[in-house]
Each structure stands twice: as C-alpha cells, then as structure tokens.
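[1] attaching a predicted model along with its sequence, questions to come.
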Amino acid sequence: MANKSKIILGIDPGTLVMGYGLILVEGTKASLLEMDVLKLSRHKDHYERLQLIHARVNELIRLHKPVSCAIEAPFFGKNVQSMLKLGRAQGVAIATAMQAGVPVTEYSPKKIKQSITGNGNADKEQIWQMLQRILKFSERPDYLDATDALAVAVCHFFQESSVLPDTSKAKGWDAFLQKNPGRIIG
C-alpha cells in the first residue's frame, strides 16, 4: 500500500439509529474524518426509514467518495420481526453502496470487536476507548452507534492493510534464522 490516500465508510445498520463513520487512510495510518448517526426513531413508517437510510448512504458516498464500504452483519436476536427489519436496513445500505460502485464487505460483530480491542466480547465503551487511541481523537459521540460504525471501518482497514509484520510461518529453525537475522543474539 503506497502513500495513496483513500476513504473507508463504515456502517452500523439500525432501524432506530444507524451509525456511520468515515476514515481517511494514508499509507499505513488511518484518521477520523467523520462519525455520526442517522436518527430514525421519530419516523414511524418503516419504509420511510429505509428511504432515509438510502438517502444518507448515498449522500455520504457522493460527498466523501469512499473506495470501500464495510458494514456490520446482523447478529441473531430473539425477535424475528426486529431481525427482519434490521436485515432490510442493512440491505438498503449495501444496495446503495453497490449501486454507486463502492464494494461492500460485511463483518460479524465479534470479528469487529476482536479486530479493535483484541477481545471478541468487548463492550461499546471498550471499543470507543480503543478507537480514541487508534485514531487519536477525544470527542465522545452522543450515540455509541457512531463509534460502532467507525469500528467497522477500522476493522476493514486492518483486514485489508499490511500494517502487521509478515507472520508467515518459517519451516524450522534454519528458515526462521534466515528470515530473521536481526533476532540472533551472539
């Protein structure tokens, strides 16, 4: 990954509150561009909510021109009707991005938490605090759905970048020593 800059859009789909976050990636560094929520709870009609999701995702893509979109996969809940509505919200966001030519990648909540905090069971507070360290920002959003969406974008950045050292396994000590001469203490 050269010093080319790019923008990643992260979405935490919801039927009452949809979080979104945008990061700017320059080489191996990421920084916060924007994070916020789309509040949908005052709109009673579910189809109107879907239209608002479509409009906001479309607007974010038009304004920021992200090269990719990462979205949180729905988790299995207790209420089938809620899951159906959440799936529709996610589908609208995915279709909007794809129609704009922005590739979409989906991540499970556990994968996102693991990627950001190292703990697949981390809570929203832990994720927010870790994102503050990673992206070096101080503000706390009114809704942690915004940081959840930001976490999706950062997770995608981590998954597609090579910010970690080569971890391919060496075959035996000879190959390890050949690959890691600086680790020999003599």
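    Thanks, I have the structure now.
[2] please save the CA atoms from whichever strand or helix holds Thr147 in CSV.
    Remark: Thr147 resides in helix 144-160, with elements defined by DSSP states H and E. Output in CSV follows, covering the C-alpha atoms of helix 144-160 (Å, rounded to 0.1, in the frame of the first residue of the first chain):
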residue,chain,number,x,y,z
LEU,A,144,-22.1,4.8,20.6
ASP,A,145,-23.7,3.6,17.3
ALA,A,146,-21.4,6.1,15.7
THR,A,147,-18.2,4.6,17.2
ASP,A,148,-19.6,1.1,16.3
ALA,A,149,-19.7,2.2,12.7
LEU,A,150,-16.2,3.7,13.0
ALA,A,151,-15.0,0.4,14.4
VAL,A,152,-16.4,-1.4,11.3
ALA,A,153,-14.3,1.0,9.0
VAL,A,154,-11.2,0.5,11.1
CYS,A,155,-11.7,-3.3,11.2
HIS,A,156,-11.9,-3.2,7.4
PHE,A,157,-8.7,-1.1,7.2
PHE,A,158,-6.9,-3.6,9.4
GLN,A,159,-8.1,-6.6,7.3
GLU,A,160,-7.0,-5.1,4.0
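[3] quick one: buried residues of it?
    144-157 (16 or more other Cβ atoms under 10 Å). Where C-beta positions appear, they are placed from N, C-alpha and C, glycine not excepted.
[4] which residues of this protein fall in strands?
    Ranges of strands within the chain are 5-12, 17-26, 29-39, 68-72, 104-107, based on DSSP state E.
[5] including distance to Gly87, could those go into a markdown table?
    Formatted as a markdown table, the strands of the chain follow (distance: least, Cβ to Cβ, whole Å):
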| stretch | distance to Gly87 |
| --- | --- |
| strand 5-12 | 14 |
| strand 17-26 | 14 |
| strand 29-39 | 17 |
| strand 68-72 | 12 |
| strand 104-107 | 12 |
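[6] before we move on, the earlier item: and the buried residues of helix 144-160 as a markdown table, adding pLDDT?
    Listed next are the buried residues of helix 144-160 as a markdown table, based on pLDDT from 0 to 100:
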| residue | pLDDT |
| --- | --- |
| Leu144 | 90 |
| Asp145 | 93 |
| Ala146 | 95 |
| Thr147 | 94 |
| Asp148 | 95 |
| Ala149 | 97 |
| Leu150 | 97 |
| Ala151 | 97 |
| Val152 | 98 |
| Ala153 | 98 |
| Val154 | 97 |
| Cys155 | 97 |
| His156 | 97 |
| Phe157 | 96 |
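[7] nearest the geometric middle of this protein, what residue?
    The C-alpha lying nearest the average C-alpha coordinate of the chain belongs to Val152 (Cα atoms, centre = their mean; 1.4 Å).
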